[in-house]
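Trainee: Give me the fold of what follows.
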Amino acid sequence: MSKSWTLDDMPSQKGRTILVTGTGGLGFEDAIALARAGGEVILAGRNLTKGAEAIKRIRESLPRASVTFEQVDLGNLDSIEALAERLKGSHDHLDVLINNAGVMTPPVRKTTADGFELQFGTNYLGHFALTAHLLPLLLRGQDPRVVTLSSIAARGKNVAINFDDLQAERSYEPMPVYSQSKLACLMFALELQRRSEKAGWGITSIAAHPGVSRTDLLHNAPGRRSAQGLLRSLLWFLFQPASQGALPTLFAATSPDARGGRYYGPDRLSETRGHPTEAQIPPQAMEPHVAKRLWDISEKLAGIAYEAQPKTVANPVLGAQPLRQEG
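Mentor: From the prediction side, this is the model:
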């Protein structure tokens, strides 16, 4: 990029409907920036109190903002499906989906409501299922985009999808499991772009990461008194502001220069801080056969298949088809 991209470069989002997962940190910064640009923003999160507070803060700053809160637990497949059904009842299209929410390095292994390891189930599988359920709305969007958040934690040489212990049932180490979930997010973004191009969906899928940013991830999961939490609290100056960390996501979601199948992150100090630029995709994220295997397994785990017809005026979508048994 020839110059540093900032919010001043964001095109108007008037007339666009945007769903952002995660009510604090990066999600909040995404929402307020997109609302300021004129978008209709739906902020989705698990905690009702935090969601209401986020909406209140945005409206205090932007009284005319079009912003609403929807409750969803990304660790609960029924909650994800319920959110999608509500949105299908209240909206006829969705232009942008930002898969942002996440949990990071809980010190002991925890599981989602459906029994999946918490980080894999929330960071990756929940967003995989959410995107599938929202496919009909996205296919009716104008220049629809899906932006999925990965992390610099995904780029380590030893980071891989451990198909032999995908849910970390035999061995749980917080950071490697977090890194795997974020590698899965990156591979999902790239595979979704390949499938969109092949099927003619017209959806642009992009990955982004925030570098090292001041969010509450390290406080919420490991805890404020953990080594990671203390690092976040005491060495706060090493972390760029969340508003800066949100820029790669916002670039991917709005810029006409953002390209499908690309990965964007900060441009300075090994992608830890700065302005949006094209990020380095780790080699292990660029293996289509691994991505296909992960996708097939994910459809079975989430109980939903990505099945849609090409985007046309006469026949906009068949939609994702549920696989789970009723009852």
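Trainee: Give the other helices and strands that the helix or strand hosting residue 192 contacts.
Mentor: Secondary-structure assignment from DSSP states H and E places residue 192 in helix 174-199. Using 3 or more Cβ pairs under 8 Å, 6 or more residues apart in numbering; DSSP states H and E as the contact criterion, the elements in contact with helix 174-199 are helix 118-119, helix 126-133, strand 145-149, strand 204-208, strand 263-268, helix 288-302. The C-beta positions use only the backbone N, C-alpha and C, and glycine is treated the same way.
Trainee: could you dump these to a markdown table with distance to residue 105, mean pLDDT and mean neighbour count?
Mentor: Supplementary listing: these in a markdown table, determined by distance: least, Cβ to Cβ, whole Å; pLDDT from 0 to 100; neighbours: other Cβ atoms under 10 Å:
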| stretch | distance to residue 105 | mean pLDDT | mean neighbour count |
| --- | --- | --- | --- |
| helix 118-119 | 8 | 98 | 26 |
| helix 126-133 | 17 | 98 | 25 |
| strand 145-149 | 16 | 99 | 27 |
| strand 204-208 | 20 | 98 | 27 |
| strand 263-268 | 20 | 96 | 22 |
| helix 288-302 | 21 | 98 | 16 |
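Trainee: looking at the ones you listed, which is closest to residue 251?
Mentor: Put simply, out of the helices and strands packed on helix 174-199 the one that sits nearest residue 251 is strand 263-268, at 5.7 Å, with distance taken as Cβ to Cβ.
Trainee: Partner strands of the closest one, with direction?
Mentor: In the sheet containing strand 263-268, the strands it pairs with under DSSP bridges are strand 204-208 (parallel), strand 273-278 (antiparallel).
Trainee: Indicate which one of those strands is closest to residue 256.
Mentor: It's strand 204-208; of those, that one is closest to residue 256 (Cβ to Cβ) at 10.9 Å.
Trainee: hmm, who's touching that closest one?
Mentor: By Cβ atoms under 8 Å, 6 or more residues apart in numbering, the residues outside strand 204-208 that reach it are 143-150, 185-186, 189-190, 192-193, 196, 248-249, 251-253, 258-265, 276, 279.
Trainee: how far out from the middle of the chain is it?
Mentor: Averaging C-alpha positions (Cα atoms, centre = their mean, to the nearest Å) puts strand 204-208 9 Å from its chain's average.
Trainee: follow-up on the earlier one: give me the buried positions along the helix holding residue 192.
Mentor: Burial within helix 174-199, assessed by neighbour count using 16 or more other Cβ atoms under 10 Å, is assigned to 174, 176-196.
Trainee: Show me how far that helix is from its chain's centre.
Mentor: Here the centre of mass of C-alpha atoms in helix 174-199, compared against the chain's by Cα atoms, centre = their mean, lies 10 Å away.
Trainee: so where is this protein shaky, pLDDT-wise?
Mentor: When residues are selected by pLDDT under 70, those of the chain lie in 1-2, 215-238, 308-327.
Trainee: Spell out the residue ranges of the helices in it.
Mentor: In order along the chain, the chain carries the following helices (DSSP state H): 25-36, 48-61, 77-90, 118-119, 126-133, 135-139, 174-199, 217-220, 227-234, 242-245, 247-254, 288-302.
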